[in-house]
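**Q** can't give you the sequence, but here's the structure:
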């Protein structure tokens, strides 16, 4: 179908080339190239080799254990494994915040029983915020 048939005056037919471009292969190639660039572009970002200078500073402590604050189904509050009275919670949290911590703040893992009401959990989160412990992660269990 690439050649067209045109009649001449003498009754003879002559095949002339069509002046149309088939763009389907061009589109196919462009889509494949687009996919290749989309896959490889994120991999190229971190590929710059850098020779870092030496220094005498101590490495950052990446192994800081987060503080675990737990609230059981009865509403009792625990910091790590020790029980804490509700009245003593602000002073305990202030002491934890005052300890040496990373510059961005100490991490807190908040675990609360699912049967607790929202207000009880928010009260503890408010005390965490007031003490300056703003990096709070809520702990849950995935569905089986």
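**A** Alright, I've got the coordinates. For clarity, every value in this text was computed on a predicted model and none was experimentally measured. Numbers count the residues shown, from 1 in each chain.
**Q** so how many other residues sit close to residue 133?
**A** Residues near residue 133, counting by other C-beta atoms under 10 Å, number 22. (C-beta placed from N, C-alpha, C; glycine too.)
**Q** my bad, should have said residue 124
**A** The burial count for residue 124: 22, using other C-beta under 10 Å.
**Q** Now do the contacts for it.
**A** Residue 124 makes contact with 69, 71, 77, 89, 110, 112 under the criterion C-beta atoms under 8 Å, 6 or more residues apart in numbering.
**Q** Which of the residues you listed fall in helices?
**A** Using DSSP state H, the subset of these located in helices is residue 89.
**Q** Name the residues of stretch 80-91 that come out as buried.
**A** 84, 89 (16 or more other C-beta atoms under 10 Å).
**Q** now the strands for this structure?
**A** Ranges of strands in the chain, per DSSP state E, are 3-7, 13-17, 67-71, 77-79, 82-84, 107-112, 135-138.
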